[in-house]
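1. quick one: sequence plus predicted model below, questions after.
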Amino acid sequence: MDEDEAVPFDEALHALCDEHDIAAVYVFGPPDRGKAGGAADPDVGVVFGAPARRGTGPGIPPPLLGEFRKVFGAEALVVGDVQQMGPFQQYRALQGRVVYAVGGRRAEFEEQVVRDYQDFTFEMRLFDEERAEEITREGDGG
């Protein structure tokens, strides 16, 4: 194939994911977020086949980001490692569309995210209730 020939999106995405041991790719986020009067690119989340790289943050290496931007044809594309995101952002990614998945890693990851998100929302509800009680007590002068 000539270098100038366009590779179909699915084929290019599958090759990129195979090369970098990516088990799943999610496209999420409101398509109109961002610039006034123009649609912003959606967010893309990746789940790597290997266990999460602890402590590296939700970003992905710049060379891999560049490859994703090329495949998606979007220079402002935001791509993150879903495994390194907080529970709310992980759950938000799962609400998006899966554009690539291979193997069983995706199912076990999604199950864990849902459990973590439920725990997180429960803890946040308890925190909110306790804080509301504190504010009420302070308002009552006690």
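-> Looks like it arrived, so ask away.

2. how about low-confidence regions in the chain?
-> The chain contains residues with pLDDT under 70 at 1-5, 30-40, 51-57, 141-142.

3. separation between the residue nearest the centre of it and residue 129?
-> Note on the chain: the residue nearest the mean C-alpha position is residue 45, at 3.4 Å, using CA atoms, centre = their mean. According to CB to CB, to the nearest Å, residue 45 stands 31 Å off from residue 129. C-beta coordinates here come from the backbone N, C-alpha and C atoms, glycine included.

4. over to residue 117?
-> 19 Å.

5. so where's the longest helix in the chain?
-> In the chain, assigned by DSSP state H, the helix with the most residues is helix 105-139.

6. next one: that one to chain centre, how far?
-> Using CA atoms, centre = their mean, to the nearest Å, the mean C-alpha position of helix 105-139 is found 19 Å from that of the whole chain.

7. which parts of it are buried?
-> By 16 or more other CB atoms under 10 Å, the buried positions in helix 105-139 come out as 105, 106, 109, 110, 113, 117.

8. can you pull out the helices in this structure?
-> 9-19, 62-72, 87-94, 105-139.

9. make CSV out of these and add distance to residue 41.
-> Formatted as CSV, the helices of the chain follow (distance: least, CB to CB, whole Å):
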stretch, distance to residue 41
helix 9-19, 14
helix 62-72, 7
helix 87-94, 15
helix 105-139, 23
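
10. which residues are contacting stretch 65-79?
-> Contact partners of stretch 65-79, identified using CB atoms under 8 Å, 6 or more residues apart in numbering, comprise 9, 12-13, 16, 29, 40-46, 59-60, 64.

11. 6 Å - rerun?
-> With CB atoms under 6 Å, 6 or more residues apart in numbering as the test, stretch 65-79 has contacts from 12, 13, 16, 41, 43, 44, 60.

12. pretty sure residue 83 is one of the things the residue nearest to the centre of the chain touches, is it not?
-> No - using CB atoms under 6 Å, residue 45 makes no contact with residue 83, being 9.1 Å away.

13. sorry, back to before: just flag the most distant two among the contacts of stretch 65-79.
-> 12 and 43 (19.0 Å; CB to CB).
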